[in-house]
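Enquirer: structure for the following, please:
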Amino acid sequence: MKHVFIINPNAGKYDSRQRIYDMADALREKHGLDVQCILTKKQGHATELARRLCDSGEELRFYACGGDGTVNEVANGVIGYDNAAMTVIPVGTGNDFLKNFGGAAPLFADAENLWDGPQFPMDAIDVNGRIALTIACSGIDARVAADVHKYSESPLLDGKTSYIASLAVNFLFKGIASHWTVTLDDEVIEDDFSLVSVCNGRYYGGGFMPVAEARMDDGVLNTLVVKKVSRVTFARFVGPYSKGEYSKFPEYAHCSTPQVIRIHSEKPDIVTCLDGECMTNSDVTIRLSEKKLNFFGPEGCSCNATAK
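Expert: Numbering: from 1, shown residues only. Now for the predicted structure:
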């Protein structure tokens, strides 16, 4: 078995490459493992690297060393391969994926806790053929996420405060809602929508948790639809929304578990964010991926540790 560290050298506020190299060397020297470290060079490179290695048929364990974007890229390369599994070593400014593991999350910082950890399957979200592990959101929250990176470069802001800064700009100077046709299985709704969040996991945006009951291995996607609201109402909604308390606003927010979600717009203005990575389309189709992701982590960890 080969252990492959895919490292995003641009992740985080500080260069963590030497720390990762030291961990990899420790696994090689202490346990005699076959270890390889690879630096990514461009957006999408982690997916290319992982997929190319998986195609070899060799048994592989991948370590995604970066933030949520790196995790997403490695997952897109590894998912569906029986000979490969992945884990995460957090480096980036945003590590919402690991928040799903609750108290076990700090253990992922050291490869010694990971290399021989148990493997288990995880669900994933398919968005126009691309994979998301935690949440695929469209609407004002996705527009906010698309702008977060501008603010996360500031040394004064962490993940959540960067999200709040971007939220304030979008809230004050851009429209809250968009006119879409949203189809939930056979139910077709044409209206003005503030957001549509499809949740496999529970966290995004620096710790916001739209659907607290979402579980990452139950074969179900929890879809939260929020119609247009006033700025005053939206300001009241954000706090409860960030804690999974959408039920406090039943007149605006509705959660269900459709198998297929489609969003259509007459113009290409649907910004959709997949684990922090954004794309813009006029048509979006979201469903549970037919493929499972093989994941491994510290002994006793659970991707549903924080589920309500």
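Enquirer: ok, and the closest non-adjacent residue to residue 71?
Expert: residue 64 (4.7 Å; Cβ to Cβ, 6 or more residues apart in numbering). Where you see a C-beta, it was placed from the backbone N, CA and C, and this is true even at glycine.
Enquirer: how is the one you found assigned, secondary-structure-wise?
Expert: Assigned state for residue 64: strand (three-state reduction, DSSP: H, G, I helix; E, B strand; the rest coil).
Enquirer: stretch 127-136: which residues count as buried?
Expert: 127, 130, 131, 132, 133, 134, 135, 136 (16 or more other Cβ atoms under 10 Å).
Enquirer: go on, stretch 6-20?
Expert: 6, 7, 8, 11, 12, 16, 17, 19, 20.
Enquirer: roughly how far apart are the residue nearest to residue 71 and residue 91?
Expert: With distances taken as Cβ to Cβ, to the nearest Å, residue 64 is found 9 Å from residue 91.
Enquirer: neighbour count winner among the two?
Expert: residue 64 (31 against 25; other Cβ atoms under 10 Å).
Enquirer: okay, that one: pLDDT?
Expert: Looking at residue 64, its pLDDT reads 98.
Enquirer: name the nearest residue to the residue positioned nearest the centre of the chain, ignoring sequence neighbours.
Expert: The centroid of the chain falls nearest to residue 275 when counting by Cα atoms, centre = their mean (2.5 Å). Ranked by Cβ to Cβ, 6+ apart and with sequence neighbours excluded, the top spatial neighbour of residue 275 is residue 72, at 4.0 Å.
Enquirer: measure how buried the one you found is and give me the count.
Expert: Using other Cβ under 10 Å, residue 72 is surrounded by 24 other residues.
Enquirer: please parse this protein into its domains.
Expert: The record's domain parsing of the chain by automatic domain parsing lists 2-123+292-296, 131-288.
Enquirer: now do the end-to-end distance for the last one.
Expert: Domain 131-288 has its terminal residues 9 Å apart, counting by Cα to Cα, to the nearest Å.
Enquirer: what's the offset of that domain from the middle of its chain?
Expert: Centroid displacement of domain 131-288 relative to its chain, using Cα atoms, centre = their mean, to the nearest Å, is 12 Å.
Enquirer: same check, this time on the first one
Expert: Domain 2-123+292-296 has its average C-alpha position 15 Å from the chain's average C-alpha position, going by Cα atoms, centre = their mean.
Enquirer: if I pick residue 200, what's in contact with it?
Expert: Taking Cβ atoms under 8 Å, 6 or more residues apart in numbering as the criterion, residue 200 is in contact with 123, 124, 125, 132, 133, 134, 135, 214, 216, 221, 288.
Enquirer: no wait, residue 146
Expert: By Cβ under 8 Å, 6+ apart, the residues touching residue 146 are 271, 273, 278.
Enquirer: let's go with 6 Å and repeat that
Expert: 271, 278 (Cβ atoms under 6 Å, 6 or more residues apart in numbering).
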